[in-house]
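**Q** From the sequence below, what's the structure:
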Amino acid sequence: MNILKPDFLKYADELMPAIIQDADTNVVLMLGYMNKEAMNKTRETKLVTFYSRTRKRLWTKGEISKNYMHVVDMKLDCDSDAILVKARPDGPVCHTGSDSCFNEENVSDNDNFLLHLEKIISDRQKNPRPKSYTSSLFKKGINAVAQKVGEEAVELIIEAKDNDADRFKDEAADLLYHYIILLKAKGFTLSDVIDILKKRHSK
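**A** Have a look, this model is predicted:
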């Protein structure tokens, strides 16, 4: 992250507004306030941390809900008196259950739909639902998830040898969906894989 030199002294309470933006979709998630301690803790832990004006203490977003926001980058505005934090949330940001505190769905366009889908899968893992196929697959464990990915891969290979475009695309979608489940079951994200691809592309 860049070296930040915010001017907290511009504010009587030394609390600076911090805008939190999804690093992948660019959707604005919420507004909070940081003092120097909160900013330093955010940089050190890479988890968005505010100073709560009601609790009168530092508050890491997600410390109760477990929907943490993982910091990707932090920037200051041109006057050094507002912070922009780009982060990846683990789940809904607002206490109401909404994706953002502005009641906006955290998905920008089709290019980012996979990231949106990943958030839904993550929620099914953290908050299992009785009738959810995804939740039931997580419950069966890593071996069952890995086996399902293998089965879907074989089905895709079989369809690749035929000329039924719709069935091929259906199987490709099934494989991709279960691949994301496998990533989550192993504790990884699509962003982890994308970062590797970006590094390879730059070589």
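**Q** contacting residues around the longest helix seen in the chain?
**A** Selection of the longest helix in the chain by residue count, based on DSSP state H, yields helix 165-185. When contacts are defined by CB atoms under 8 Å, 6 or more residues apart in numbering, helix 165-185 is touched by residues 114, 117-118, 121-122, 125, 134, 137-138, 142, 145-146, 148-149, 152-153, 155-156, 158-160, 162, 189-190, 192-193. Yep, even glycine has a C-beta here, placed from its N, CA and C like the rest.
**Q** How far away from the center of its chain is the very next helix or strand once past it?
**A** Counting by DSSP states H and E, the element after helix 165-185 in chain order, helix or strand, is helix 190-202. The gap between where helix 190-202 is centred and where its chain is centred comes out at 16 Å by CA atoms, centre = their mean, to the nearest Å.
**Q** How about stretch 158-172?
**A** For stretch 158-172, the distance to the chain centre is 31 Å (CA atoms, centre = their mean).
**Q** Mind checking the pLDDT average for it?
**A** Over the span of stretch 158-172, the pLDDT mean works out to 95.
**Q** going forward can the numbers begin at 250, since that is how I track them
**A** Okay, residue one is now 250; in that scheme the one you just asked about reads as stretch 407-421.
**Q** Start and end of that stretch, how far apart?
**A** End-to-end distance of stretch 407-421: 11 Å, with CA to CA, to the nearest Å as the criterion.
**Q** Any buried residues in that stretch, and which?
**A** For stretch 407-421, burial by neighbour count (16 or more other CB atoms under 10 Å) applies to 408, 417, 420.
**Q** now do stretch 331-349
**A** For stretch 331-349, the neighbour count (16+ other CB under 10 Å) marks 331-332, 334-342, 348-349 as buried.
**Q** how about residue 275, phi and psi?
**A** Main-chain torsions, residue 275, degrees, to the nearest 10: phi 70, psi 10.
**Q** same check, this time on residue 301
**A** Per-residue torsions, residue 301: phi -80, psi 120 (degrees, to the nearest 10).
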